[in-house]
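Chemist: Fold the stuff below for me.
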Amino acid sequence: MTDEARPYGGGTSDPSLKRVRTRHFQRAKQQGIKITGLTSYDFLTASIFDEAGVDFLLVGDSAGNTVFGYDTTIPVTLDELIPLTAAVVRGVNRALVVADMPFGSYENGPDEALHTAIRFMKETGAHAVKLEGGVRSAKQIKRVVRAGIPVMAHIGFTPQSEHGLGGHIIQGRGEEGAEQLLDDARAVEAAGAFAVVLEMVPSEIAGRVTAELSIPTISVGAGPSCDGQLLVWSDWAGLSRGRIPRFVKQYAQIGETLLAAAKEFCADVESGGYPLAEHEYAE
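Modeler: Numbers count the residues shown, from 1 in each chain. Below you'll find the predicted structure:
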């Protein structure tokens, strides 16, 4: 959302401005204002993204890949995500912080889901939680929402289920796939989710879901028809190494900048170019 269009506050960390709340997501959809989201896993990036005016920050289980070096998000634990989420919360004045519920922390049913959500809310100060799954997770969403905890749903490609889905495969293709996606979207809306992430879904199908639902849709590779866009910040900023998903637009090349700076530092130290007199303390 641009500063001019936002129905709340502006793109600044000024603490006198209102926080983004879940009700603002609904207002943004009604007014046709696009919602912006990035992942964040630490205080420094959170404070920068908050100052820039990003509407919500997701402390994603993508930390498994970007922070902990796992091959997938599956090994990430609740105890690993809690300190990251708390750090992000400390870095924001305006943005809504969403904590990602990791694999194995809600699949056993509504009671487990509520327990996980409560830990996030009490121990981190997060403003909402996110969990994967449509129809299969509707009971968990309903239980958490009834306890007063906002839930962002996540359907389409769900990374925690990548082995069951057969890999990173686009979801919602074909008549059967489209109907399943629509069923999942309806289920999470009926369960009380305030928004739903659509990941790796054909744009046309994402547009159908967006038009049908009264809650905002957030695209992760689901095209421009959704009500908002979310990206993993290390992909978006060019920090990630290796293959980048097709749907990512890179707005910087931080990885190359850091690599060049590290090489220059090593060369300076080895040659005596650092430290110089201006870097020393006098007696």
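Chemist: Do I have it right that residue 244 meets residue 250?
Modeler: Yes: between residue 244 and residue 250 there is a contact under CB atoms under 8 Å: 6.9 Å. For every residue, glycine as well, the C-beta is placed using N, CA and C.
Chemist: Tell me the residues that contact both of these two, please.
Modeler: residue 235 (CB atoms under 8 Å, 6 or more residues apart in numbering).
Chemist: just the strands in the stretch 51-200 of the chain please.
Modeler: Remark: strands assigned in the stretch 51-200 of the chain by DSSP state E, counting those that start in this stretch are 56-59, 96-100, 128-132, 151-156, 195-199.
Chemist: Alpha carbons only: can I get the first one in PDB?
Modeler: Okay, so that is strand 56-59. What follows is strand 56-59 as a C-alpha-only set of coordinates in PDB (Å, rounded to 0.1, in the frame of the first residue of the first chain):
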ATOM      1  CA  PHE A  56       3.100  -7.300   7.400                       C
ATOM      2  CA  LEU A  57       6.200  -9.300   8.300                       C
ATOM      3  CA  LEU A  58       6.100 -13.100   8.300                       C
ATOM      4  CA  VAL A  59       8.500 -14.900  10.500                       C
END
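Chemist: and that strand, average pLDDT?
Modeler: Mean pLDDT, strand 56-59: 98.
Chemist: The longest one too?
Modeler: Strand 151-156 shows an average pLDDT of 98 in the prediction.
Chemist: what's the answer for stretch 96-103, then?
Modeler: Averaging pLDDT along stretch 96-103 yields 98.
Chemist: what does it rub up against?
Modeler: Counting by CB under 8 Å, 6+ apart, residues outside stretch 96-103 touching it are 19-22, 46, 55-62, 73-74, 76-78, 80-81, 85, 88-89, 113, 116-117, 120, 124-131, 152, 160.
Chemist: ok, now stretch 200-208?
Modeler: Contacts for stretch 200-208 (CB under 8 Å, 6+ apart): 156-157, 168-173, 177-178, 181-182, 198, 209, 217, 219-226, 247.
Chemist: Just give me how far it sits from the chain centre.
Modeler: Remark: stretch 200-208 is offset 19 Å from the chain centroid, using CA atoms, centre = their mean, to the nearest Å.
Chemist: do stretch 167-187 as well
Modeler: Chain-centre distance of stretch 167-187: 21 Å, with CA atoms, centre = their mean.
Chemist: For that stretch, buried residues please.
Modeler: Within stretch 167-187, the residues scored as buried using 16 or more other CB atoms under 10 Å are 171, 172, 177, 178, 180, 181, 182, 184, 185, 186, 187.
Chemist: My guess is the third one contacts residue 183. True?
Modeler: No: counting by CB under 8 Å, residue 177 stays clear of residue 183, with 10.7 Å between them.
Chemist: Could you count how many residues lie near residue 48?
Modeler: Look at residue 48: counted by other CB atoms under 10 Å, it has 15 neighbours.
Chemist: I should have written residue 109 there, sorry.
Modeler: Look at residue 109: counted by other CB under 10 Å, it has 11 neighbours.
Chemist: if I look at it, how far off is residue 116?
Modeler: Look at residue 109 and residue 116: by CB to CB, to the nearest Å, they are 11 Å apart.
Chemist: And residue 103, by the same measure?
Modeler: 11 Å.
Chemist: cool, residue 207 as well?
Modeler: For residue 207, the distance to residue 116 - CB to CB - is 32 Å.
Chemist: Please say which of these two ends up with more neighbours.
Modeler: Set residue 207 next to residue 116 and count neighbours by other CB under 10 Å: residue 116 wins out with 22 against 17.
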